[in-house]
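**Student:** generate a structure from the sequence data that follows.
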Amino acid sequence: MKNIKFPTAQTILLIIAALVTLLTWLIPAGKYNTLAYDSASSTFIEVAKDETKTLPATQATLDGLSIKIPLEKFTSGDIYKAINIPNTYRELEAKPQGITDFIKSPIRGIIEAADIIFLVLIIGGLIGIINSTGAFDAGISWLARILKGREFILIILVTTLVAAGGTTFGLAEETIAFFPILIPVFLAAKYDALVGIACIFIGSSIGTMCSTINPFSTIIASDSAGISWTTGLPGRVFMLVSCLSICIFYIMRYAKRVKNDPTKSIIYDQKEQIEALFGEKKDHTVTFTLRLRLALLVFALCFLVMIIGVSLLDWWFLEMTSTFLVGAILIGIITQISESDFVETFVKGAADLLGVALIIGIARGVTVIMADGLISDTMLYYASGITEGMSKGLFASVITIIYAGLSFFIPSSSGMAVLTMPIMSPLADTVNVGREIVVNAYQYGLGLFYLINPTGLILASLAVVKVGFNKWLKFIMPLFIVLIVFTLVVMTISVYL
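**Tutor:** Numbering: from 1, shown residues only. Presented below is the predicted three-dimensional model:
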């Protein structure tokens, strides 16, 4: 049994894709009608089965479709995706996916996820360039000296800053870029790589789980539920502070144990492998010259520009990827890397993250199978019927659990919001609670399962550091259970306040 290894991330996802393919043979196919606003013609487009209808963009149209959302949410662009229309679910002819569909799904997923895949590859090239200059080694050595004896500050700072990005503008996919940068810093501070992974990934997870002004979850979900995004905001702020404090305490406790005794590390058997991967060099110092300082400044500015662009300028993957490409070229010029060495180093750096890119594509392939098999809406339809006749407190907890389960099938936060809120938010009216309870349940359920969701970003994140999913589960499960209990208690109490 000792020779049996836990499967790689790619294999795990292919197994999940095979199981989902099987589900398309077992779960009835079905679909809701959808409604989208066409800004070019200022009309609504309703899609029902194979039929498309144009409807006047009026509040009366929305009311007639039982969509309790103000018209201006569509015309202003707050709701920019097609939403499901309540009470329109119908079973369709089954579309079970076969072996050919299963084989094609990773390729189709890679094509659909091309935007984030190219971001990851370009970031890999940038990391390769900055590492080849020695600037990163020099900077890490300097930071390690500055933090000596106060390394715990690094845990608090990184986790809090990443969570701030998550709660304000949905910092998630972008964190893939942080792992190769920050893991060496945590290693230099005498922690293990799991501490670095936890600070970045858990920080992002808790931030997005307890989103306050995140347009990709809080605002679009509130709009789709027909309420103001400020409704329920104090509760989300309380959850953000509470869950973040719990997580930081948990990470610091583990980090202290590893620092005092490295053999206590869950990934101790990979210590040398990870140190070699991230270039931790013994008895080797690099002079921190002006050129290297400028190179690191450009490197840091890439991330600052990305954050400003995403949060304020409506940037997406094309602009982010271009930023990192320009940054790599500027660093090459500053450090006087020859053209041939630059290309060779950049390509090698991109190749180092190719495995991560493939994981992202295969994960997207799972959602392709579900969409083609027409089972996602069926799952939503049956989930919406579970809460009928429940008490307020039980409703709040169950709806949170339902959203956690749905997030496996619909891992996108904005996609989940527009597809489910028109169906799920009216359920709050039937048990006499505010619709913000459903919005919060959506966020908390999605965020909690995100910590272990194999169709999310965790497998891609772990692949950057070559850490197995089984080791992550061993690390995260005690915290995961604490967060589940805390969240369900808070949700239950909140409906009576």
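
**Student:** please make it C-alpha for all contacts and neighbour counts, starting now.
**Tutor:** Noted.

**Student:** secondary structure element for residue 94?
**Tutor:** Using DSSP states H and E, residue 94 is not contained in any helix or strand.

**Student:** same deal with residue 47?
**Tutor:** strand 43-48.

**Student:** also residue 123?
**Tutor:** Going by DSSP H and E, residue 123 is in helix 114-133.

**Student:** buried stuff in that helix?
**Tutor:** Going by neighbour count (16 or more other CA atoms under 10 Å), the buried part of helix 114-133 is 114, 116-133.

**Student:** stretch 25-34 too?
**Tutor:** 25, 27, 28, 29, 30, 31, 32, 33, 34.

**Student:** mean confidence score for that stretch?
**Tutor:** What stretch 25-34 shows for mean pLDDT is 90.

**Student:** first-to-last residue distance for that stretch?
**Tutor:** Chord length of stretch 25-34, first to last residue, is 24 Å (CA to CA, to the nearest Å).

**Student:** can you check stretch 138-157 too?
**Tutor:** End to end - CA to CA - stretch 138-157 spans 21 Å.

**Student:** point out where the stretch 101-250 of the chain drops to low pLDDT.
**Tutor:** 136-137, 139-141, 143-144, 174 (pLDDT under 70).

**Student:** what is the lengthiest helix in the chain packed up against?
**Tutor:** Ranked by residue count and defined by DSSP state H, the top helix of the chain is helix 233-260. Counting contacts by 3 or more CA pairs under 8 Å, 6 or more residues apart in numbering; DSSP states H and E, helix 233-260 packs against helix 152-169, helix 193-209, helix 469-494.

**Student:** among those helices, which is the most enclosed?
**Tutor:** helix 193-209 (a mean of 28; mean count of other CA atoms under 10 Å).

**Student:** okay, the angle between that helix and helix 469-494?
**Tutor:** 30 degrees (axes from the mean of the first three to the mean of the last three CA atoms, to 10 degrees).

**Student:** next secondary structure after helix 193-209?
**Tutor:** helix 220-225.

**Student:** now the helix or strand encompassing residue 294 against helix 114-133, angle please.
**Tutor:** If you go by DSSP H and E, residue 294 is part of helix 290-312. Counting by the same axes, to 10 degrees, helix 290-312 lies at 160 degrees to helix 114-133.

**Student:** name the surrounding residues that touch helix 290-312.
**Tutor:** Contact with helix 290-312 is made by 130, 133-136, 139, 168-169, 315-316, 320, 323-324, 327-328, 330-331, 334-335, as judged by CA atoms under 8 Å, 6 or more residues apart in numbering.

**Student:** go with 7 Å
**Tutor:** Identification of contacts with helix 290-312 by CA atoms under 7 Å, 6 or more residues apart in numbering yields 135, 169, 315, 316, 320, 323, 324, 327, 331, 334, 335.

**Student:** and the helix or strand residue 382 falls within, what other elements does it pack with?
**Tutor:** Element membership for residue 382 (DSSP H and E) is helix 376-385. Where contact means 3 or more CA pairs under 7 Å, 6 or more residues apart in numbering; DSSP states H and E, helix 376-385 is packed against strand 30-31.

**Student:** sheet partners, orientation included, of the helix or strand just after the strand it packs on?
**Tutor:** Next helix or strand after strand 30-31 toward the C-terminus (DSSP H and E): strand 34-38. Paired with strand 34-38 in the same sheet, following DSSP bridges, are strand 43-48 (antiparallel), strand 83-84 (antiparallel).

**Student:** chain center to whichever helix or strand comes after the helix holding residue 382: distance?
**Tutor:** Counting by DSSP H and E, the next helix or strand C-terminal to helix 376-385 is helix 392-409. Offset of helix 392-409 from its chain centre (CA atoms, centre = their mean, to the nearest Å): 19 Å.

**Student:** helix 392-409: which residues count as buried?
**Tutor:** Taking 16+ other CA under 10 Å as the criterion, helix 392-409 shows 392-393, 395-409 as buried.

**Student:** what sits up against it?
**Tutor:** So helix 392-409 is contacted by 367, 376, 383, 387, 431, 433, 437, 441-442, 444-446, 448-449, 453, 455, 488, 491-493, 495 (CA under 7 Å, 6+ apart).

**Student:** with stretch 219-229 instead?
**Tutor:** Residues contacting stretch 219-229 (CA under 7 Å, 6+ apart): 68-70, 73, 78-79, 213, 218, 414, 417-418, 421-422, 425, 435, 439.

**Student:** quick one: it to chain centroid distance?
**Tutor:** 20 Å.

**Student:** what does stretch 376-384 give?
**Tutor:** The answer for stretch 376-384 is 22 Å, by CA atoms, centre = their mean.

**Student:** check which residues of that stretch are buried.
**Tutor:** Buried residues in stretch 376-384 (16+ other CA under 10 Å): 376, 377, 378, 379, 380, 381, 383, 384.

**Student:** excluding chain neighbours, what is closest to residue 67?
**Tutor:** residue 422 (6.5 Å; CA to CA, 6 or more residues apart in numbering).

**Student:** what about the helix or strand that contains the one you found, distance to the chain center?
**Tutor:** Residue 422 belongs to helix 413-430 when assigned by DSSP H and E. Computed by CA atoms, centre = their mean, the chain-centroid distance of helix 413-430 equals 20 Å.

**Student:** check which residues of that helix are buried.
**Tutor:** So for helix 413-430, counting by 16+ other CA under 10 Å, buried means 413-428.

**Student:** follow-up on the earlier one: could the buried residues of stretch 376-384 go into CSV alongside pLDDT and distance to residue 252?
**Tutor:** Listed next are these as CSV, based on pLDDT from 0 to 100; distance: CA to CA, whole Å:
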residue, pLDDT, distance to residue 252
376, 82, 39
377, 86, 41
378, 88, 42
379, 83, 39
380, 83, 39
381, 85, 42
383, 82, 38
384, 80, 40
